[in-house]
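In: what shape does this take:
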Amino acid sequence: MPVKKISDFVNDLTNGSVQLTEVTGENAVTRTSLHYVEMEPGGDIKPHVHDRTEMYVFLTGRALVMTGKDITEVTTGDVAIAPAGTPHGIKVIGNEPLRWYAANTPPASTCAPEPAPEEYLWKWERH
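Out: The predicted structure is shown next:
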């Protein structure tokens, strides 16, 4: 199995994310993508839905995370899971960048996001 350090990918980051779906060989992970993401204070990903499950593992910083109707504050070491079809979003709070890994199954490149229903967008803007 190939082993890589995150520093191996830093120069390849595009929009703060690296997608590791092009792994080949007998131990290939063909139905999952993994992204390393960094977002500055005040940044957010508006609530959206898609036909994949996402799992976030937070490394640094603080954020509000929407999964379904719940909005929860997260920080270092927390994990959030958004099952397929569940509206979800992230809003960075605090003074430091938010850094996290996002695992997607099936891979992110196979499922385009769509805006969440209006009731979720309204709740997100009010929070």
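
In: excluding chain neighbours, give the residue nearest to the residue nearest the centre of the chain in space.
Out: Centroid check for the chain by Cα atoms, centre = their mean gives Ala102 as the closest residue, at 4.0 Å. Residue nearest to Ala102 in three dimensions, not counting chain neighbours: His35, with 4.5 Å by Cβ to Cβ, 6 or more residues apart in numbering. Bear in mind the C-beta positions are built from the backbone N, C-alpha and C, glycine included.

In: just give me the neighbour total for Ala116.
Out: 21 (other Cβ atoms under 10 Å).

In: got a list of what it touches?
Out: 46-49, 87-89, 124 (Cβ atoms under 8 Å, 6 or more residues apart in numbering).

In: how close does it sit to Glu54?
Out: Shown here: Ala116 relative to Glu54, a distance of 13 Å by Cβ to Cβ, to the nearest Å.

In: element containing Asn104, please.
Out: Assessed by DSSP states H and E, Asn104 sits inside strand 98-105.
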